[in-house]
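S.K.: dropping the sequence and predicted coords here.
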Amino acid sequence: MMKRFVYINDDSSQDLYCDNRISNRKYTLWNFLPKNLWEQFRRFMNQYFLLIACLQLWSLITPVNPASTWGPLIIIFAVSATKEAWDDYNRYLSDKQANEKEVWVVKDGIRKHIQAQDIHVGNIVWLRENDEVPCDLVLIGTSEPQGICYVETSALDGETDLKTRVVSSACIGLASEQLHIIKGVIECPNPDKDITRFDGNMRLFPPFIDNDLCPLTIRNTLLQSCYLRNTEWACGVAVYTGNETKLGMSRGVPEPKLTAVDAMIDKLTGAIFLFQVVVVIVLGFAGNIWKDTEARKQWYVKYPEDGPWYELLVIPLRFELLCSIMIPISIKVSLDLVKGIYAKFIDWDEEMYDHDTRTPSHAANTAISEDLGQVEYILTDKTGTLTENKMIFRRCCINGVFYGNESGDALKDVQLLNAVANNVADVIRFVTIMTVCNTVIPIRSKSGTISYKAQSQDEDALVNAAARLHMVLISKNGSSLEINLNGSLIQYEILDILEFTSDRKRMSVVVKDCQDGKILLLSKGADEAILPCAYAGQQIRPFVDAVEQYAQLGLRTLCLGWRELKDDEYNEWSHAFKQARSTLVDREWKLAEVCQILEHDLEIIGVTAIEDRLQDGVPETIETLRQAGINFWMLTGDKQNTAIQIALLCNFISSEPKGQLLFINGKTEDEVLRSLERVLLTMRITSSEPKDLAFVVDGWALEIILKQYRAVFTELAILSRTAICCRVTPSQKAQLVELLKSCDYRTLAIGDGGNDVRMIQQADIGVGISGREGLQAARAADYSIGKFRFLKRLILVHGRYSYNRTAFLSQYSFYKSLLICFIQIFFSFFSGVSGTSLFNSISLMAYNVFYTSIPVLTVVLDKDLSEKTVMQNPQILLYCQAGRLLNPSTFAGWFGRSLYHALVVFLITVHAYADEKSEMEELSMVALSGCIWLQAFVVTIEMNSFTILQHLAIWGNFAAFYFINSVVSTIPSAGMYTIMFRLCRQPSYWITVVLIVAVGMGPVLALKYFRYTYRSSAINILQQAERSRGPIFSMGGLESQLKSLEKDVASLSTSQSKFRNSVYEPLLSASDPPPTSTRRSIGPATFDFLQPAQSRLSSSYSRNCKDN
Amino acid sequence: MNSSSGSAAGPSSGSGDGSAPRRNSKRPKYSKFTQQELPACKPILTPKWVISVFTLVGVIFVPIGIAALMASNNVVEIVDRYDTECIPANMTGDKVAYIQNDDIIKTCTRNLTVPKDMDQPIYVYYQLDNFYQNHRRYVKSRNDAQLKDADQANKTSGCDPEKTTKDGSPIVPCGLIAWSLFNDTYNFTLGNKNLSVNKNGISWKSDRDHKFGKDVFPKNFQNGILRGGASLDSNKPLNEQEDLIVWMRTAALPTFRKLYGKIHQDLKANDIIMVTLENNYNTYSFNGKKKLVLSTSSWLGGKNDFLGIAYLTIGGLCFFLATAFTVVYLVKPRKLGDPSYLSWNRNPSGH
C-alpha cells in the first residue's frame, strides 16, 4: 500500500504510525557491546591485532605471554568503546531535548502543551512566530487573512529567503475556533525524502461541508525543521512524524572524514605490514633451514625426528608474533588522544572568541585538525562570511548630486537632511520611492515603536534609512499605506505590485496618492534593468557614473525611477495585468511581459548605495592565507558585479595589471565551451607570468560546464589560484568542492548560511561561521568560528601545530616499535633463528604502553615556531601543505634511525655483556634500558620547546622506568627478580648505557646540527631568527625592507580599489622601486621550497612533489 | 516564542535555567595551558652549544675509556681450549662416537702456564661456543614452580620433551636445561699441591634463596634411555646443587662462560698448573668448543676490551667532530636566522 490516510484530529487512528520521537542514536543499552565490537573489528588494524592475540594463545609458537598483546588490545578497545558510548550519550541528550520540547497540540478540542515526541499523525499542531516546525504538517490555518504564512526552509534546502506557504483551499477562511474541532481526512503518499513534492488530497467532514477533494501540494505543507517567520501563528495537521518526516528520511549518516595525515599513516602502516611479512617469510625460511641443518645436531634441543604436519609453519608463525609489534598497537589511541586535545585547544582559544556574539570557536569534529594545516583550497561564501550581512544605506545620488561622499554616510549629510526638511521635490520623491516601493511590512509594537519585516535585507535598509530621513512608513493595511513625513501624514493606496523576479531585476508599485488622486508608478531595480527604461532624452550618464563609482566601493546599488500614469492608461493596463495574473500556463513570463508595458519612460531620479560591510580583518586574512599558498574560490549566490567588487575589496583578486579577470559565460553550450576554452588558453599562456589570474563563472554556465565539460574545467581549476563563481546554487557549491577533491586537493569550505551546508559537508574541512543567517552552517560544520578572520589562526596556528605534532607522534610511534622489533630480529640470529624473544612479556608490554607512549604525548605542547612568527611568515605553512614532515621519505629517515639505533643497542649490549655476563635476563634488561635511554633523548632532540610538562614527562618517565623495574625486581616469582638491583650496582651497566646513548645520539645530533646550520629549512631559519633577534619584525636589514615594501604594495592595492581612476593605473609603473627590481634580479631561486606550488601550477595533474 | 518556556512546568524551565549559565561559561577560561602559552624554553642548535656538547662528551669519554681499558688489561686470563686436545689420536676421526662411548675413560691432563701474577680470588669458568642455551625450545623447557616448591613436583608443564619418565612419574628438575647439565670436571694441582676449587657461592644468592627450594630433591633425574648431561646427587636439595643453579641461568648468547668455582690462592707468573679434567660433555656433534678459563676480575668485570676501546673511539670522534665543526664555523661562518635565506624573500614574484 503506497498511501496513508490521515484522519484529522482523530485519536483513534493514531497508533497506525510512529510517534514523533526522533532518534539519532547508534546504539541501545543492549546492543552496544556487540554492535560496537563489530564496528571496531571492521577496521583492518583491529582484525590484525585480534589475530595476533589469538595466535598468542597457542603456546607452541608464542614467544611471550599472551597478556602482552591482550592487555593493550583490551585497553584500546575499552577506550574506543568509551568514546563511542559518550558520543552516543550526547546524541541521546540532544534527541531528548528535541523530543521533549513543548508544543501546542489540539486535544479534545482544546489546545494543550505536550512534548514534541508525543505528536501523532493526525494531530493539529499550533505554531507561533519563530517556532520550529516539529514534524511535517499540512497547513490548515494561519493568522493572515489571506491564508498565507512565511517559513524559512534553510535547514531543509539551504535557501535562506522566506517562502510563502498557503492554507489548503478547503480550509481558507476558517476561524481559529473552528480549527480546533475540524475533522477530515488527508490522503498522502507514504513517507519519502523528496522535499519538493507532496501530492495529497484533503476532504473535510461535515459540518465543514465541502465535498470536493481538495488537492494538496508542497505549497500547503510545513516541513520539519523549518521556522515560521513573519506570521503570528499557523496551524497544521501532522502527516509525517518522527524519523518518517521528509527531513528524517533524507538524514544520512555522514561519512567519517579521513585526514590526509591519517591516509598517509594508513599507507605507511601498510608498507610496514608488507615489510613485516617479508621479514617473517625470510626469517621463517631461514629458521626452518637452520632447524633442519643445525638444530638436529644440537642434541640438547632434542628436536623430534618427525614433527606434526604444521611443523613448517611453526617458526614463521613465531616470527610473525615476534614482529607483530612492528605495527604499534598504541598509535590509534595516542592519535585519538592528541587529536582530542588539539580540538580542545581550539575550543579554549581566547583569540578565537567572538566578543560581539559571545561565541567561542568550536571543533565539532575532533579528528581532523591536521587537515587544517594542509588546506590547499578555500571555498568561501560571500554574504555573511566575508561580509557582515548587515545592509546599511550609505550613499545616494539624486539627480546628479552625491550625498554622503564626504562623511561616508548619507544619513549624516547635512545637505540631504536640509533638502528633506525643505521639501526639495526630487529628494522627497526619491525618499518616497525608498519608503513605498517595497514589500516591507511595518509592525507597531505595544510601546509604539515601529519595526519592519522585510524579506530582503536591502529593502529593510532602505526603509530604515528613509525613516531616519524623517519619512516613516507607519502602516500598511491591505491596500492603504501611511507615511509620516516630518510630522504630516501622507496616505497612498497601493493599486498593484509588480513583483521582483531575478529575471526582471526590478520591481515596481503602482500607487494612488490620496491627496491629489494621481496614479504613480514607482520603480527600483538594478541599473541594467532600470536605466534602459528612462524616458527618451534623459541624461542617464550621471547615473551610470554614480553606479560605477559605488560599485567600485563594493556598495550594492539600486536605481530609482518613477512616472505618473494617466487614469485610462492605468485602467487599460490593469485589465491586462489581472488577466495575466490568472493565467495558468507560463504565468511568470506573461506577467513580466505585461509589466514591461508599464515600465517605460521612467524618470530616473537617483541611485542608492547600500553597504554590506566587510567583516573586520577579511583582506588581511585572505592576504595572509594566500601568502601561505592557499588558493581561494568564492562561491556566491550573489550577482557577478557585486561579487567582483567584494572580491577586489578584500584582496581576493587584484586589479589590472597585476591581476586579470577571465569571464566564462554564455547561454548555450557552444558559447560556454568556446568561452571556457578561451579562458583555459589564456590561463595556460600566462601561467608562467607573475600575474594573478582569476576566472569568473556564473551559475548558468557552471551548470553546463559541470554536465558537459568537466575535464576541461578540471584543468582550469588546477591552473587557477582564484575563481569567482556567482549565482551558484547550494548543490553547485557542493559539486565544485567535489571537483577539487577529485583532483586530490585538500579543500576547506567556509560559509555561514544554510545554503552552504552541503558544500561544508562535502569538503574535507567544513567551517561554519556562526553568523546572522542562523546556525545551520555552524552545526553542520567541523569547525565553527565567530568571524572570518579567525580562519587565519585556525589554519596557521592550530592546523599547523596539529600537523607538526601528529607528524612527529605517528612517526615516532613507528620508530619505537621498529626499534624494539629490530632488536628482536637481530637477537634471533644469535638464538638459532628459533624465534626466542629477548625481552620478557612484562617489558614488552610496558615498553609499548607506558615507557614510550607517555613522554611523546607531551608533543601536544610542542611549538616549533611562536604563533607570532608563523603569522608573520605564513609561507611556512607550505611545509604542512606539501606534507614535508610526514611522507615516505621522512618516514624512511625514522625507519633508518630505528634500524641504526637497534644495531647500536644490540651490538653494544652483546659485546659489553659477553662471556660470563651473558645472562639472559640481565642482557635483555641492559638492551631495554638502552632503548629507554635512547628514546628519551630522541624525544628531547626532536622536541622544539620544553615546558615543565615535557620535562616532567620525559625525565619522569625515565625515573618511572627504573622505579617500575625495581618494583618488579623485588617479586621473587618474577623472571627478573633482583635483576635491576644487580645491574644498578654494576659500573659496567651504566657505562654501557651511556655508551649506547652517545653512539646512538651522536650522529643524530651532528647531522641535525649540520642540516640546521648549513642546509637550514625555512623553519630552522625562523627558529634561529626568533631566538637570536627576538620577534622577527623588529629586525633591520633586508627583511624589514621587504616587509615595508610589501606593506606598501598591499596598501596600494587596497587603496587603489577605492578610487576608480587608480584601478587602471599600472601598479608599479615607471618608478619601479629598486628593492623590487633586486628581488627580480635574483631570479629563479636555487633553494626554493615554493617549488611544489609552482610546479603544480605548471599544469600537472599529479601531485608528485608532496614528498620532499 | 518565549511563551512555551515561560508557561511550561518544571522540567523545561529547569532546562532553561541549566542552559543559561552554560552559555556564559562557554567563554574559554584563560589559563596558560589552555592558551598553549606555558612558559617554554626553546633550545636551538647553536654552533657554540653543539661544539661544547661534543667537546664535553669527548672530555668525559676519553678518561673513562682509559680507565676501562686499564681495568681490562689488569685482568689476567688463561684460556685453554681442550675439547680437541683431549681426544685420543686414534679417535679424532669420530669424536662423537668417542664421547658417546661410556666405556672409555675420558680423563685428560692439561698444563696451564700462568702468564702474570694472579691475585685471588681466581675464577674458574668453562666456556662453551656454539651452544644455543637461548634456543626457543631449550630456554623455555623448565618449570620454575617445580624447582621452588616440593609440593609442586608434578608441575612439569613447559618441560617438553623431558617431562616425565616413561611410566609417567615427573622428573625433578624437569626440562631440557636441567637434563643437559654440563658435566666436565676439573681438578687443579700446582706443583704437587692440590689447588682447591671452592664451589660454594658460585650461584646467585637470590636463586639459592628464592628460586630453588631447599626441600626439593632430584627425582627420576637422568633415568631415561638417553642421558643428557650430569646426574645430580638425589640426597642434596636443589638449592645446594650450585652447578645446576648456575647452568639454569641460561645464557643469552651462543658463546658463554659459566662459573665453575673459585680458587682462593694467589698464583705467580710462570706457575704451571696441571689440570686433570674429565671430558664428558658432548660438544662434538655440533662442533662446539669447550674452553677452560681462569681469570681474575676488576671493577668492570672480566677481561673485555670492548668498552674501553669503544669509549676511546667515541671520545676521539667527539673531539674530531668538535674540531671539525669549529673549523667549518670559523672558515665559513653563517649568520643564524638570516631572513634573506628564506626562499620567499628571494622569490621574485612571491605571489
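M.R.: Yes, it's here.
S.K.: give me every residue in the stretch 751-900 of chain A lying close to chain B.
M.R.: Contacts of the stretch 751-900 of chain A with chain B, taken as CB under 8 Å from any CB of the partner chain, map to A:801, A:827, A:830-832, A:834-836, A:838, A:861, A:863, A:873, A:875. C-beta coordinates here come from the backbone N, C-alpha and C atoms, glycine included.
S.K.: switch to 7 Å and redo it
M.R.: A:830, A:831, A:832, A:834, A:835, A:836, A:861, A:875 (CB under 7 Å from any CB of the partner chain).
S.K.: which residues touch the spatially closest residue to the fourth one that is not a sequence neighbour?
M.R.: Excluding the flanking residues, the one nearest residue A:834 by CB to CB, 6 or more residues apart in numbering or on different chains is residue B:136, at 4.0 Å. Contacts of residue B:136 were listed using CB atoms under 7 Å, 6 or more residues apart in numbering or on different chains, and they are A:318, A:831, A:834, A:835, A:836.
S.K.: kindly report the same for residue A:437.
M.R.: Contacts of residue A:437 (CB under 7 Å, 6+ apart): A:507, A:508, A:509, A:522, A:523, A:524.
S.K.: neighbours of residue 87, just the number please.
M.R.: Since no chain was named, I'll use chain A. 14 (other CB atoms under 10 Å in any protein chain shown).
S.K.: um, chain B though
M.R.: Neighbours of residue B:87 using other CB under 10 Å come to 19.
S.K.: was I right to think it contacts residue B:98?
M.R.: Yes. Taking CB atoms under 7 Å as the definition, residue B:87 is a contact partner of residue B:98 at 5.9 Å.
S.K.: residue 259 - how many residues pack around it?
M.R.: With no chain named, the answer covers chain A. 24.
S.K.: the chain in question should be chain B.
M.R.: 19.
S.K.: show me what the helix or strand encompassing it is packed against.
M.R.: Assigned by DSSP states H and E, residue B:259 belongs to strand B:256-263. Here strand B:256-263 touches strand B:122-129, helix B:242-248, going by 3 or more CB pairs under 7 Å, 6 or more residues apart in numbering or on different chains; DSSP states H and E.
S.K.: give me the spatial nearest neighbour of residue B:264, chain neighbours excluded.
M.R.: Here the residue nearest residue B:264, using CB to CB, 6+ apart, is residue B:120, at 5.0 Å.
S.K.: max-length helix in the chain?
M.R.: No chain was given, so I picked chain A. helix A:67-99 (DSSP state H).
S.K.: chain B was what I was after
M.R.: helix B:47-74.
S.K.: list the helices and strands the one helix or strand residue A:187 maps to packs on?
M.R.: Assigned by DSSP H and E, residue A:187 belongs to strand A:184-189. For strand A:184-189, the helices and strands in contact under the criterion 3+ CB pairs under 7 Å, 6+ apart are strand A:3-8, strand A:200-204, strand A:233-240.
S.K.: for residue 218, give me phi and psi.
M.R.: Chain wasn't specified; assuming chain A. Torsion angles at residue A:218 (phi, psi; degrees, to the nearest 10) stand at phi -60, psi -20.
S.K.: not what I meant, chain B
M.R.: phi -60, psi 140.
S.K.: same question, residue A:138
M.R.: Torsion angles, degrees, to the nearest 10, at residue A:138: phi -100, psi 120.
S.K.: please name the residues that touch it.
M.R.: By CB under 7 Å, 6+ apart, the neighbours of residue A:138 are A:168, A:186, A:200, A:202, A:216, A:220, A:221, A:236, A:237, A:239.
S.K.: who's in contact with the fourth one?
M.R.: It stands for residue A:202. Contacts of residue A:202 (CB under 7 Å, 6+ apart): A:138, A:168, A:170, A:184, A:186, A:214, A:216.
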